[in-house]
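Asker: have a look; sequence and predicted model below, questions after that.
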Protein chains: 2
Amino acid sequence: MSTIGAGPGTHPGANLAALRDHNAALVLGLLRDAGEAGASRAELAAGTGLTPQAVSKITGRLRESGLAAEAGRRASTGGKPATVLCLVPGAAHALGLHLDRDTLTVTLADLMGAAVATRTTPLAFGAGGDAVLDAVAREVTALLAEAGAPAVLGAGVAAPGPLDHRGGVLHRVTGFPQWDGFPLRDALSERLALPVTLDKDTNAAALGLALRGPRDASSFAYLHLGTGLGAGLVLGGRVHRGARTGAGEFGHQVLQLDGPPCPCGNRGCLEVLCLAAVAAGDTARAARLLGVGAANLVRLLDIDHVLLGGRTVLADPDAYVRGVRAELADATAVRVAPGGDRTVVEGAAELVLAPLFGRGVDEMTIGLSGGH
Amino acid sequence: MSTIGAGPGTHPGANLAALRDHNAALVLGLLRDAGEAGASRAELAAGTGLTPQAVSKITGRLRESGLAAEAGRRASTGGKPATVLCLVPGAAHALGLHLDRDTLTVTLADLMGAAVATRTTPLAFGAGGDAVLDAVAREVTALLAEAGAPAVLGAGVAAPGPLDHRGGVLHRVTGFPQWDGFPLRDALSERLALPVTLDKDTNAAALGLALRGPRDASSFAYLHLGTGLGAGLVLGGRVHRGARTGAGEFGHQVLQLDGPPCPCGNRGCLEVLCLAAVAAGDTARAARLLGVGAANLVRLLDIDHVLLGGRTVLADPDAYVRGVRAELADATAVRVAPGGDRTVVEGAAELVLAPLFGRGVDEMTIGLSGGH
DNA sequence: TGCACTTACGCAACACTGTTGCCAAAGTGG
DNA sequence: CCACTTTGGCAACAGTGTTGCGTAAGTGCA
């Protein structure tokens, strides 16, 4: 995110259209967070700080566009009962793609982020661009056919890093050097005839997890232990990607000066130490190492909670949660990330959905001093 | 910043007043960045993305309030010469206070952030609240008298952490447990009869350094090596404080599993290792250790550049810059933070000034999709 | 049953934002 | 002297959220 002021090409000035869209996204976000329970106009007004009248106008526009609808009424609290407004989940859909080293997962999510349909198939990531694009197109076509060909806003793609999420280009994926420089976003966009957003798998997962929680300024880290070790960071409610989408290189922090060499060129990286412990079957040690690294990160960033994911963790979740928790202060919650092996692909769909709710977008900021 | 949505008590909804203030702050920020060279209305329009007419209205309000003024004209480029607009630096002032363990520094900064007057005096931080408040009030009075009693917007206070910048309360400052829980912000605010903002010394320094640079989304870390070792983080153009102002605990990352014990309770913290090297006079090792820790941080957060400061660094800046640079990839710039021993106190004044320019505030965000 | 009260919400008029269309001012260049 | 370019202001405009007030639809109590 973010270009507070002007990153190249952005315009930080705000006009009435930007203001309207911002407030609309805000209301949509509150409706999404409210889920099936919905929210009344009065509640939305309290949540946004806008006047009830403004909310009425905004929800009117949303209802007209089909994104929201009235859904019954609340019990009265002594006056006219509140009219419940709900997001219409089926009003729009988004595709999420998870390109892993050996698997392709494709999901179709509705506006609430709920998976409507999902397909998984083996993937030879090393087979090169055309083969992978073919496989993706085939799976997407099949998935949309299954789901009855709904309208789709776009596709979010989660891929192994490093990559450039702004340019939509892959870099030197470990083990697959042939992908270096491949313009995956544009190639997929042309192939699918849809807008495509590309991001690192860990960032996509973090975004998805951020959207499951309340729309607040919370900070957390998603730690992914699989074939490698990476992190997705959500700081102050936003995914932190860094200038070159390089943030989250969690595995290559040096934990042991002059320790064993790592392919990255350094010595004593968390990743080599941790993967060695995993390979040796010493889960307790791997968990402890993960915990020490997590503690470094938590202290540096003042993070609220830590979510664990990835194949290795999912193989023995309790051991990892216990081990990590032991290294952290009590104030920091440690949990397994909800969603299991779907965490990443569901986050990928959120790459498309989140901007509708004003989340995870490159944004500018507006002060509040002049309010009310 | 940030509360994308609503941190407790904030209102993310944007009304016309918020929009006006945002754009005014934006223009003011561009004028500040332009410095004495100033900027024409057309340049401001290009920088904000607003129409020239909107800029004319906004600058009209700013001129009316005395914050900006016309200052001559540019050479013509083939048409009517542009009228140069400048910030009026003397239109408002802010106090910056740096409470260190043994020194009190007070500065008066103008709107450009330039120090108009500065006083430094020894301070017995352990003498307790009343004594420190007395000393601060005395120095501030003397400073304002020196400067001719200008109008002051408020005071920004930089203090050793940990502390709570939202509540304005100190926590257990290392070596001075008696300060734990002291409501420094409110006490000072009453004593000085001014609005007061409190923040950690490293955060204040980072904010000041962020404002020296362009208003972009750059990320950097300010590493402060003095009696302790801490960091101020600027991520995507904004100071990252964390939920409890606890971010920046850079010194207590574990660099050496099962290394020497640290007062914090862990073993092998960067701080004990580094301070031991400093105490032993081994600057090269201290610098290398600092570099390893910095590299961990840079990789984790994808940071553009690293600025070094603090007494120990300033005693032998070249050695530290060299040592840190050796541990980092070439893409990361390493420099000594400008400002020398004034870095922190000048940043403290920015705690008051930055919000005028829409920087460093707890903000909400507004999307840009509807623009132009 | 009737009435006061509370709560939810919309209509209409309003204040104020940035935008558009147009024009004047003030230079350059032939 | 005239055509052209660039800057920037005035006036009318579209559209935002706000305010004032009226209406709908419940509860609670005599």
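Answerer: Structure's in. What do you need?
Asker: domain-wise, how is chain A divided?
Answerer: A:16-87, A:92-204, A:215-345 (automatic domain parsing).
Asker: any chance of the ones you listed in a markdown table, with mean neighbour count and distance to DNA strand C too?
Answerer: (Each C-beta comes from the backbone N, C-alpha and C, glycine too.) Putting the domains of chain A into a markdown table (neighbours: other CB atoms under 10 Å in any protein chain shown; distance: least, CB to the nearest atom of the strand, whole Å) gives the following:
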| stretch | mean neighbour count | distance to DNA strand C |
| --- | --- | --- |
| domain A:16-87 | 17 | 2 |
| domain A:92-204 | 19 | 21 |
| domain A:215-345 | 21 | 20 |
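Asker: could I get these as JSON lines with mean pLDDT and distance to B:Leu289?
Answerer: Listed next are the domains of chain A as JSON lines, based on pLDDT from 0 to 100; distance: least, CB to CB, whole Å:
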{"stretch": "domain A:16-87", "mean pLDDT": "91", "distance to B:Leu289": "44"}
{"stretch": "domain A:92-204", "mean pLDDT": "94", "distance to B:Leu289": "27"}
{"stretch": "domain A:215-345", "mean pLDDT": "93", "distance to B:Leu289": "8"}
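Asker: need those domains in JSON lines (columns: distance to chain B).
Answerer: Output for the domains of chain A, formatted as JSON lines (distance: least, CB to the nearest CB, whole Å):
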{"stretch": "domain A:16-87", "distance to chain B": "3"}
{"stretch": "domain A:92-204", "distance to chain B": "10"}
{"stretch": "domain A:215-345", "distance to chain B": "2"}
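Asker: tabulate those (a markdown table), appending distance to B:Ala280.
Answerer: Shown next, in a markdown table, are those (distance: least, CB to CB, whole Å):
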| stretch | distance to B:Ala280 |
| --- | --- |
| domain A:16-87 | 55 |
| domain A:92-204 | 38 |
| domain A:215-345 | 16 |
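Asker: out of those, which is closest to A:Val352?
Answerer: Nearest of the domains of chain A to A:Val352, taken as CB to CB: domain A:92-204 at 3.8 Å.
Asker: got the end-to-end distance for the closest one?
Answerer: Terminal residues of domain A:92-204 lie 20 Å apart, using CA to CA, to the nearest Å.
Asker: so how far is it off the chain centroid?
Answerer: Computed by CA atoms, centre = their mean, to the nearest Å, the separation of domain A:92-204 from the middle of its chain amounts to 14 Å.
Asker: now do the contacts for the closest residue to A:Pro261 other than its chain neighbours.
Answerer: Spatial nearest neighbour of A:Pro261, chain neighbours left out: A:Arg267 (5.3 Å); criterion: CB to CB, 6 or more residues apart in numbering or on different chains. Contact partners of A:Arg267, counting by CB atoms under 8 Å, 6 or more residues apart in numbering or on different chains, are A:254, A:256-261.
Asker: likewise A:Thr103?
Answerer: Residues counted as contacts of A:Thr103 (CB under 8 Å, 6+ apart) are A:120-123.
Asker: pick the one among these closest to A:Ala147.
Answerer: In terms of CB to CB, no member of these lies closer to A:Ala147 than A:Thr120, at 15.3 Å.
Asker: any idea what the nearest residue to that closest one once chain neighbours are set aside is bridged to?
Answerer: Taking CB to CB, 6+ apart, and ignoring the residues beside it in sequence, A:Thr120 has A:Thr105 as its nearest neighbour in space, at 4.8 Å. Taking DSSP bridges as the rule, A:Thr105 bridges to A:His98, A:Thr120.
Asker: so how far is chain B from the residue nearest to the spatial centre of chain A?
Answerer: Closest residue to the average C-alpha location of chain A: A:Leu207 at 1.9 Å, with CA atoms, centre = their mean. A:Leu207 is 12 Å from chain B, where distance means CB to the nearest CB, to the nearest Å.
Asker: relative to the whole chain's centre, how far out is the helix or strand hosting that residue?
Answerer: Using DSSP states H and E, A:Leu207 sits within helix A:201-212. How far helix A:201-212 lies from its chain's middle: 2 Å, per CA atoms, centre = their mean.
Asker: same deal with stretch A:87-94?
Answerer: Here stretch A:87-94 is found 18 Å from its chain centre; the criterion is CA atoms, centre = their mean.
Asker: for the residue nearest to A:Thr332 when sequence neighbours are not counted, helix, strand, or coil?
Answerer: Once flanking residues are discounted, A:Thr332 sits nearest to A:Val298: 5.4 Å by CB to CB, 6+ apart. When classified by DSSP: H, G, I helix; E, B strand; the rest coil, A:Val298 comes out as helix.
Asker: next secondary structure after the one helix or strand A:Val292 maps to?
Answerer: If you go by DSSP H and E, A:Val292 is part of helix A:283-301. The element immediately downstream of helix A:283-301 (helix or strand, assigned by DSSP H and E) is strand A:305-309.
Asker: which ones are touching A:Ala114?
Answerer: Neighbouring residues of A:Ala114 by CB under 8 Å, 6+ apart: A:Pro89.
Asker: you'd agree A:Leu275 is up against A:Leu229?
Answerer: Yes - using CB atoms under 8 Å, A:Leu275 is in contact with A:Leu229, at 7.1 Å.
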